[in-house]
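S.K.: return atomic coordinates for the entry below.
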Amino acid sequence: MAAVLGLDTSNYTTSAAWFDGERGDNAGKLLDVPEGALGLRQSDALFQHVKRMPEIMARLKETGLPTELTALGASTRPREVEGSYMPCFLAGESQARGMAAALELPFYACSHQQGHIAAAAWSAGRMDLLDKPHLVWHLSGGTTELLHVTPDGVMVRAECIGGTTDISAGQLIDRTGKKLGLAFPAGKAVDALSLQAEKKEWFAVKVKDCAFSFSGVENKMNALAEQGWAPADICWYVLASVIHGVEKATKQALKKYPGLPVLCAGGVASNQLLREIMVKTCGAVFAEPRFSTDNAMGVAILTWRRLHRDECYD
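M.R.: Okay, the predicted model is just below:
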């Protein structure tokens, strides 16, 4: 069985994935962040990726990596826009380029965001979305963007049409976690705590032209913590406020682009409450949680599509 291999070395996850046109698998691991910190310096992230990639490749081989590879791919930048750059992506790119040269195989590059879109579409059983216009929420540790996505050959082009004007949803959640003494990244812990909330209040986020700010939510979160609110109630407050903004912006976008499907990608998109509300009110589709967080699955899918470019249009 022939397949392609994709690598993704994002700000907080080292991952590798294979794809054979229908099936695939991903192996990944979060980088180590010091207790109490809200992230890593790029030099530290780059070092951890280089050190960890052999372990990730070994895990992928144990779970069924095909013996015959036909192409290599990697995410080389955060977004497909001019000036988008982060050193951590050099780890995956350099290793994939080196393997491709040694094996005399083609190498294909894509952006981290394009990979998120492709992974979410495949995981949701909606690969057809990669060949038609649709809306995508990229909700992650550093990004809260509402995208208008259109086909670009076998790739996708994403235009930001809304989202946060300041901190991302992921940053807000991680800052909430730090305030409450939770480990970084705090998404899963905040999600779990919110389900125990007794108070069901939220901040009415103002949304204009699909854009909003989360700084007011952060200020209120800090005030609630100082007032002695229970951690579970604070977690609910923050998540419900995020969802309020995302839902309202989506409805504004659907008035501008009526009838377009809505796909949700990124680590924050694995939140249970967000999924329930967005499916019910906006008809959104979601990736499986394991393919919502940073992963190389989308990189492998786009690598395969580019290798089999002509077959995609038969």
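S.K.: now the spatially most central residue of the chain. Nearest residue, chain neighbours left out?
M.R.: Compute the mean C-alpha point of the chain, and by C-alpha atoms, centre = their mean the closest residue is residue 266, 2.4 Å away. Spatial nearest neighbour of residue 266, chain neighbours left out: residue 140 (3.7 Å); criterion: C-beta to C-beta, 6 or more residues apart in numbering. (Glycine included, C-beta is placed from N, CA and C.)
S.K.: spit out the contact partners of the one you found.
M.R.: Taking C-beta atoms under 8 Å, 6 or more residues apart in numbering, we find residue 140 in contact with 116, 168, 170, 266-268, 294.
S.K.: quick check: closest non-adjacent residue to residue 178.
M.R.: Of all residues not flanking residue 178 in the chain, residue 38 sits nearest, at 6.1 Å (C-beta to C-beta, 6+ apart).
S.K.: tell me how many other residues surround the one you found.
M.R.: 15 (other C-beta atoms under 10 Å).
S.K.: change the start of the numbering to 11 and stick with it
M.R.: Sounds good: first residue 11 from here, last item residue 48.
S.K.: that one: what secondary structure?
M.R.: When the structure is reduced to helix, strand and coil (DSSP: H, G, I helix; E, B strand; the rest coil), residue 48 reads as coil.
S.K.: that one touches residue 185, doesn't it?
M.R.: Yes. Taking C-beta atoms under 8 Å as the definition, residue 48 is a contact partner of residue 185 at 7.0 Å.
S.K.: so how far is residue 226 from the closest residue in space to residue 222 that isn't next to it in sequence?
M.R.: With sequence-adjacent residues excluded and distances taken as C-beta to C-beta, 6+ apart, residue 222 is closest to residue 255, at 4.4 Å. Between residue 255 and residue 226 the computed distance is 10 Å (C-beta to C-beta, to the nearest Å).
S.K.: joint contacts of these two?
M.R.: residue 215.
S.K.: which one of these two is surrounded by more residues?
M.R.: Per other C-beta under 10 Å, whichever of residue 255 and residue 226 has more neighbours is residue 255, with 25 against 15.
S.K.: can you classify that one as helix, strand or coil?
M.R.: What three-state DSSP gives for residue 255 is helix.
S.K.: give the contact list for it.
M.R.: Residue 255 makes contacts with 174, 215, 217, 222, 224, as judged by C-beta under 8 Å, 6+ apart.
S.K.: re earlier: helices - which of the contacts of residue 150 land there?
M.R.: Secondary structure assignment by DSSP state H places 126, 180 of those in helices.
S.K.: which one among the contacts of residue 150 gets closest to residue 71?
M.R.: Closest approach to residue 71 among these (C-beta to C-beta): residue 304, at 20.6 Å.
S.K.: tell me who's in contact with the closest one.
M.R.: Residue 304 sits next to 18, 20-23, 25, 38, 122, 126, 150, 277 when contact means C-beta under 8 Å, 6+ apart.
S.K.: of those, buried ones?
M.R.: A residue is treated as buried here by neighbour count (16 or more other C-beta atoms under 10 Å); on that basis the buried members of the contacts of residue 304 are 18, 20-23, 25, 38, 122, 126, 150, 277.
S.K.: just the ones of those in strands?
M.R.: Taking DSSP state E as the definition of strands, these contribute 18, 23, 25, 38.
S.K.: so the last one sits against residue 19, correct?
M.R.: Spelled out, it's residue 38. No. With contacts counted by C-beta under 8 Å, residue 38 stays clear of residue 19, the gap being 10.0 Å.
S.K.: who touches both of these two?
M.R.: The contact sets of residue 38 and residue 19 overlap at residue 25 (C-beta under 8 Å, 6+ apart).
S.K.: so how far is residue 137 from the residue lying farthest from the centre of the chain?
M.R.: Here the chain has its C-alpha centre computed as a mean, and the residue farthest from that point, by C-alpha atoms, centre = their mean, is residue 237 with 33.4 Å. Per C-beta to C-beta, residue 237 is found 48 Å from residue 137.
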